[in-house]
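Trainee: quick one, fold the following:
(chains A and B)
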Amino acid sequence: MASNPEEDPTDADLVARCQNGDMSAYNELVRRHQGKVYAMIRNMVKNETDAWDLAQDSFIKAWKALPKFEAKAKFSTWLFRIAHNVVYDWLRKHRLERGSDELNDELLGGGRVDFQAPTSPRPQTSPDEEMERTELRQQIEAGLAKLSIEHREIILLREVQGMAYKEIAEILECSQGTVMSRLFHARKNLKQHLES
Amino acid sequence: MKKPSEELITKWMDGELEGRQLAEVEAYAAHHPELEEERAWLQSTRQGLREVFVADAKVPHEEFFLSRIRHEIEMSGETEEPLKQSSSSDSVVGIAEKKAARGGGGWRRRWLMPLGAAAAALVVGWVIGVQGPKDETAVLAKGKGTGGEGVVYAPSLAVNAELIDSDSATIIVLDGLAELPATNNLVDAGLEGAKGNRVAWLGGERASD
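Mentor: Modelled structure (predicted):
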């Protein structure tokens, strides 16, 4: 059954309205996608305040770029590509300011954020289970923090966001072969870091 | 037997192979148990990753987040749509935005703006008199006055707020903020008396701190 664009507009419907200058349609798009964009950026920069600012920048840039959006990709994928560029620009700027070639753990926040978002209620667990979880969490955070930013990002896009290779390739503007190859090495590195 | 390519191994680990390619990798894995081990490791790690990192998170101060985007777009002249103030928290934000527009850029911790705005609102008759973090939404203080309902937001539950209302002045003290850079334009944001991780706003008079 076809959806009623008035009651339940698709992203494409809303994008078309935005392209005619309808700001209320853009509000709806932001509401739909802000949680995922914010979560991805927060996972990347590991700092809630910067993630909040960068997510905003991403949506502002997306609005400005909307007239050029041709729906070759899904709106959400296109939005993630913009967020990816915003985060990389930010990281590059910080790297220049710090005069360092390395995006080290200090820059990426070093575990300042509790990633257990309030929107993800968890079932009650025993103290032993909770302790195991805490340990696992610390190990994984530490392991991921040691990865290069490219490897960290591809692990997050694939394993956390659950994106397909094609979608990741569109976000990173590379081939699917590159995505798979990078994923292969990112996983190997993560395993090494977790085992060491 | 020739080792499958990295791409094929990745797809096999993700369960995305079929037909001849699947048979090829399975045959190789049968003689290389480390591949099976890696696949099992990946499955358990994937589970761990999803427990540690969420794919969808609640944006702090959602209405303020949205109104800032609308404001930035409007300020850039990219839309002809007027800003629509639809909620009470929006009206608080609206005051902060006018101050920001006058003061220009240079303020990185944007969510401090509603604090300054709410403090300004106190001076013109809003009644707010609560102390400390109230709930998990990080609303530090709220109240109802002749101007409507006001809300004071803060960036973190770790921040403690103290509101002191006297005959001559109203003071908001925030304790536990991240170190504020000297470049922050706190006066334009309506915040005064910033020192280290402590900010005091004095309505009616300048803070002497």
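
Trainee: show me where pLDDT drops low in chain B?
Mentor: Low-confidence segments of chain B, defined by pLDDT under 70, are located at B:78-157, B:160-173, B:178-209.

Trainee: show me the longest helix that occurs in it.
Mentor: Within chain B, and with DSSP state H defining each element, the longest helix by residue count is helix B:33-52.

Trainee: same for that helix, what does it pack against?
Mentor: Using 3 or more Cβ pairs under 8 Å, 6 or more residues apart in numbering or on different chains; DSSP states H and E as the contact criterion, the secondary-structure elements in contact with helix B:33-52 are helix A:127-145, helix A:176-195, helix B:6-13, helix B:19-30. In this view, the C-beta of every residue, glycine as well, is placed from N, C-alpha and C.

Trainee: and A:Ser76, which of those is closest to it?
Mentor: helix A:176-195 (17.2 Å; Cβ to Cβ).

Trainee: any idea of the angle that closest one forms with helix B:6-13?
Mentor: Note on geometry: by axes from the mean of the first three to the mean of the last three Cα atoms, to 10 degrees, helix A:176-195 and helix B:6-13 are set 70 degrees apart in direction.

Trainee: how far does helix A:176-195 sit from its chain's centre?
Mentor: 18 Å (Cα atoms, centre = their mean, to the nearest Å).

Trainee: so what does it touch, helix or strand wise?
Mentor: For helix A:176-195, the helices and strands in contact under the criterion 3+ Cβ pairs under 8 Å, 6+ apart are helix A:127-145, helix A:149-155, helix A:165-172, helix B:6-13, helix B:33-52.

Trainee: can you name every helix or strand that the next helix or strand after the last one contacts?
Mentor: Spelled out, that is helix B:33-52. For helix B:33-52, the succeeding helix or strand toward the C-terminus, using DSSP states H and E, is helix B:62-75. Helices and strands in packing contact with helix B:62-75 are listed as helix A:23-45, helix A:48-65, helix B:88-103; criterion 3+ Cβ pairs under 8 Å, 6+ apart.

Trainee: rewinding a little: need the helices and strands packed on helix A:176-195 in CSV (columns: distance to B:Ile73 and mean neighbour count).
Mentor: Putting the helices and strands packed on helix A:176-195 into CSV (distance: least, Cβ to Cβ, whole Å; neighbours: other Cβ atoms under 10 Å in any protein chain shown) gives the following:
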stretch, distance to B:Ile73, mean neighbour count
helix A:127-145, 34, 15
helix A:149-155, 27, 20
helix A:165-172, 23, 20
helix B:6-13, 40, 21
helix B:33-52, 34, 15
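
Trainee: nearest to B:Ala158, out of those helices?
Mentor: Taking Cβ to Cβ as the criterion, helix A:127-145 is the member of the helices and strands packed on helix A:176-195 that comes nearest to B:Ala158, at 19.3 Å.

Trainee: what sits closest to B:Arg46 if chain neighbours are left out?
Mentor: In space, B:Arg46 comes closest to A:Glu159 once its chain neighbours are excluded; the distance is 5.0 Å by Cβ to Cβ, 6 or more residues apart in numbering or on different chains.

Trainee: the residue lying closest to A:Arg81 once chain neighbours are set aside and A:Leu54, how far apart?
Mentor: Closest residue in space to A:Arg81, ignoring its immediate chain neighbours: A:Ile171 at 4.7 Å, by Cβ to Cβ, 6+ apart. A:Ile171 sits 15 Å away from A:Leu54, going by Cβ to Cβ, to the nearest Å.

Trainee: next: A:Ala169.
Mentor: Applying Cβ to Cβ, one obtains 23 Å for the distance of A:Ala169 from A:Leu54.

Trainee: distance of the spatially closest residue to A:Ser181 that is not a sequence neighbour from A:Met180?
Mentor: The spatially closest residue to A:Ser181, leaving aside those adjacent along the chain, is B:Glu6, at 4.9 Å (Cβ to Cβ, 6+ apart). Here the distance between B:Glu6 and A:Met180 works out to 7 Å (Cβ to Cβ).

Trainee: mean neighbour count for the helices and strands packed on helix B:62-75 - can I get that in TSV?
Mentor: Written out in TSV, the entries for those read as follows (neighbours: other Cβ atoms under 10 Å in any protein chain shown):
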stretch	mean neighbour count
helix A:23-45	22
helix A:48-65	21
helix B:88-103	19
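
Trainee: and these as JSON lines, adding distance to B:Ser67?
Mentor: Output for those, formatted as JSON lines (distance: least, Cβ to Cβ, whole Å):
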{"stretch": "helix A:23-45", "distance to B:Ser67": "10"}
{"stretch": "helix A:48-65", "distance to B:Ser67": "10"}
{"stretch": "helix B:88-103", "distance to B:Ser67": "5"}
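
Trainee: please identify which of those is closest to B:Ser76.
Mentor: Ranking the helices and strands packed on helix B:62-75 by proximity to B:Ser76 (Cβ to Cβ) places helix A:48-65 first, at 7.2 Å.

Trainee: elements contacting the closest one?
Mentor: For helix A:48-65, the contact count by 3+ Cβ pairs under 8 Å, 6+ apart identifies helix A:23-45, helix A:75-98, helix B:62-75 as packing neighbours.

Trainee: can I get the ones you listed in TSV with distance to A:Arg187?
Mentor: Below are the helices and strands packed on helix A:48-65 laid out as TSV (distance: least, Cβ to Cβ, whole Å):
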stretch	distance to A:Arg187
helix A:23-45	17
helix A:75-98	20
helix B:62-75	34
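
Trainee: looking at those helices, spot the one closest to A:Glu132.
Mentor: Between A:Glu132 and these, the shortest gap by Cβ to Cβ is with helix A:23-45, which sits at 22.0 Å.

Trainee: close to chain B, is the closest one?
Mentor: Yes - Helix A:23-45 reaches chain B (Cβ under 8 Å from any Cβ of the partner chain) through A:23-24, A:26-27, A:30-31, A:34-36, A:38-40, A:42-43.

Trainee: could I get the average pLDDT for that helix?
Mentor: This predicted structure assigns helix A:23-45 an average pLDDT of 96.

Trainee: backbone phi and psi for A:Glu70, please?
Mentor: Dihedral angles of A:Glu70 (phi, psi; degrees, to the nearest 10) stand at phi -110, psi 10.

Trainee: what does A:Lys74 give?
Mentor: The phi/psi pair for A:Lys74 (degrees, to the nearest 10) is phi -70, psi 150.
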